[in-house]
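A.B. asks: The following block contains a protein sequence and its predicted model.
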Amino acid sequence: MRKFLIRLFVILVGCAVVLGVLEIGARLFWEKIRGPIFPVSVDIHRVSANKKMEYELMPNSLTYLDDVWYRINQDGLRDTVYPREKPAGTFRIAAVGDSMTFGLGLEMRDTWPKQLEQKLRRSKANVEVLNFGVMGYDTTQEAEQIQSKVLPYTPDLIIIGYSLNDIGLLSRERRELKQYHGYGDFFTTGIGFFDRALKHSKLYMFLKNRIFLLRTSAYQKRPAYSKDGKKVLKAGYKNFIKAGYYEKENLDRLKAGFAQIRAATYSRCPVLVAIFPELLDFENYIYRDVHQIVMNLARENDFLALDTLDVFLRHNADSIRISRVNRHPNRLGCDVFATAISEYLQARHLLH
């Protein structure tokens, strides 16, 4: 019996060592082996009953990727739970946008809506900033979201964190929800704590991705790129963004989205369009004209408008984005954005 226990112990130690070595290897080469599936897209999103929004955040969902937890509350927001009925004396701000607002790569407290909330509370304690950001949303989807989901919270102000790609339909989430349907429940134990712990392991995520692709043949399916997505593949992201604002179809789509937002919010609450710059090549920034187009369209719809480009240009692009691969703003980048908005609001005495 003693020899059996010793052998069992040696085997278990050996397995632990092998798994440890494999885990280290998976972490070292993660960017090369992670595969095409992006867990945040398929774990916390679902197809929406609202055809115009197409998809939405899944209430009470949770996923982990690259050292960040993404928790979605019971109302489908990446935020704490707020009552629909606004508390008396509270100034409520609704932050609307895509992954820049959602906070891809950041803990919730580091997103620009939460940083803005903390800054504003230094001078006005009863301020709430609700994060309605959804990864991949464009202006058309945001317009529908404002009408159906945001306004029931009776905000005093809506801030649209406008990304320059909001003119197009560049949504990885839309594509991956179709292509990798069922991924979220695949290769799980059904034991919540254990499954959450497994998501910390790069080796587990690698095996889950590869086995899912093999069993479902999802890797053989041609990606369902939108028309704009195909343009990006052909022309490159930078050129697509630049050219997109000079194509009538794209520009008309943006104009229609802004018009829908104006119709829904007119006489109910003001809207501030705050523009995020593209966080690349600040020394030869090529989108100034694009910023001006968006500013003009915002003002034509009686929106407040804030271009944050100049304050971002005071920084090196590498210092305010998560990485060269992930060009979303890091904590500092969100702080720059939130500070610009805070100063804008307070200078115009908009927090009444």
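C.D. replies: Nice, thanks for sending it over. Numbers count the residues shown, from 1 in each chain.

A.B. asks: Next secondary structure after the helix or strand encompassing residue 143?
C.D. replies: According to DSSP states H and E, residue 143 maps onto helix 139-145. Remark: after helix 139-145, the chain's next helix or strand is strand 157-162, criterion DSSP H and E.

A.B. asks: and that following strand, which residues are buried?
C.D. replies: Buried residues in strand 157-162, counting neighbours by 16 or more other C-beta atoms under 10 Å, are found at 157, 158, 159, 160, 161, 162. For every residue, glycine as well, the C-beta is placed using N, CA and C.

A.B. asks: what about the third one, distance to residue 93?
C.D. replies: Relative to residue 93, residue 159 is positioned 6 Å away (criterion: C-beta to C-beta, to the nearest Å).

A.B. asks: got any residues that touch both of those two?
C.D. replies: residue 116 (C-beta atoms under 8 Å, 6 or more residues apart in numbering).

A.B. asks: helices and strands around the lengthiest helix in the chain, which ones?
C.D. replies: Ordering each helix of the chain by length in residues (DSSP state H) puts helix 2-28 first. Helices and strands touching helix 2-28, by 3 or more C-beta pairs under 8 Å, 6 or more residues apart in numbering; DSSP states H and E, are helix 202-216.

A.B. asks: Output the helix it packs on as PDB, nothing but the C-alphas.
C.D. replies: Output in PDB follows, covering the C-alpha atoms of helix 202-216 (Å, rounded to 0.1, in the frame of the first residue of the first chain):
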ATOM      1  CA  LYS A 202      -3.800  29.700 -21.100                       C
ATOM      2  CA  LEU A 203      -3.300  26.000 -21.600                       C
ATOM      3  CA  TYR A 204      -7.000  25.300 -21.000                       C
ATOM      4  CA  MET A 205      -8.100  28.100 -23.300                       C
ATOM      5  CA  PHE A 206      -5.800  26.800 -26.000                       C
ATOM      6  CA  LEU A 207      -7.200  23.300 -25.700                       C
ATOM      7  CA  LYS A 208     -10.800  24.600 -25.600                       C
ATOM      8  CA  ASN A 209     -10.300  26.700 -28.700                       C
ATOM      9  CA  ARG A 210      -8.600  23.900 -30.700                       C
ATOM     10  CA  ILE A 211     -11.000  21.200 -29.700                       C
ATOM     11  CA  PHE A 212     -14.000  23.400 -30.400                       C
ATOM     12  CA  LEU A 213     -12.700  24.200 -33.900                       C
ATOM     13  CA  LEU A 214     -12.000  20.600 -34.600                       C
ATOM     14  CA  ARG A 215     -15.400  19.300 -33.400                       C
ATOM     15  CA  THR A 216     -17.500  21.900 -35.000                       C
END
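
A.B. asks: what is the mean pLDDT for that helix?
C.D. replies: Averaged across helix 202-216, the pLDDT comes to 75.

A.B. asks: for that helix, packing partners?
C.D. replies: Using 3+ C-beta pairs under 8 Å, 6+ apart, helix 202-216 is in contact with helix 2-28.

A.B. asks: mind listing the strands for the stretch 151-300 of the chain?
C.D. replies: Ranges of strands in the stretch 151-300 of the chain, per DSSP state E, counting those that start in this stretch, are 157-162, 271-275.

A.B. asks: Can you name every helix or strand that the last one contacts?
C.D. replies: Yep, that's strand 271-275 we're talking about. Packed next to strand 271-275, using 3+ C-beta pairs under 8 Å, 6+ apart, are strand 157-162, helix 248-265, helix 288-300, strand 304-307, helix 331-347.

A.B. asks: Report the buried residues of it.
C.D. replies: 271, 272, 273, 274, 275.

A.B. asks: who does residue 91 bridge with?
C.D. replies: For residue 91, the beta-bridge partners are residue 127 (DSSP bridges).

A.B. asks: what do you get for residue 65?
C.D. replies: Beta-bridge partners, per DSSP bridges, of residue 65: residue 68.

A.B. asks: which other helices and strands contact the helix or strand in which residue 100 is found?
C.D. replies: Element membership for residue 100, per DSSP H and E: helix 99-102. Judged by 3+ C-beta pairs under 8 Å, 6+ apart, the packing partners of helix 99-102 are helix 112-121.

A.B. asks: Endpoints of stretch 296-307, how far apart?
C.D. replies: Using C-alpha to C-alpha, to the nearest Å, the end-to-end distance of stretch 296-307 comes out at 11 Å.

A.B. asks: ok now it, how far from the chain's centre?
C.D. replies: 23 Å (C-alpha atoms, centre = their mean, to the nearest Å).

A.B. asks: ok, back up a step: any chance of the strands of the stretch 151-300 of the chain in a markdown table, plus mean pLDDT?
C.D. replies: Formatted as a markdown table, the strands of the stretch 151-300 of the chain follow (pLDDT from 0 to 100):
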| stretch | mean pLDDT |
| --- | --- |
| strand 157-162 | 98 |
| strand 271-275 | 98 |
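
A.B. asks: Out of these, which gets nearest to residue 115?
C.D. replies: The closest of those to residue 115 is strand 157-162. By C-beta to C-beta, the value is 12.0 Å.

A.B. asks: so what's residue 82 closest to, chain neighbours aside?
C.D. replies: Setting aside the residues directly before and after it, residue 82 is nearest to residue 130 in space (C-beta to C-beta, 6 or more residues apart in numbering), at 5.7 Å.
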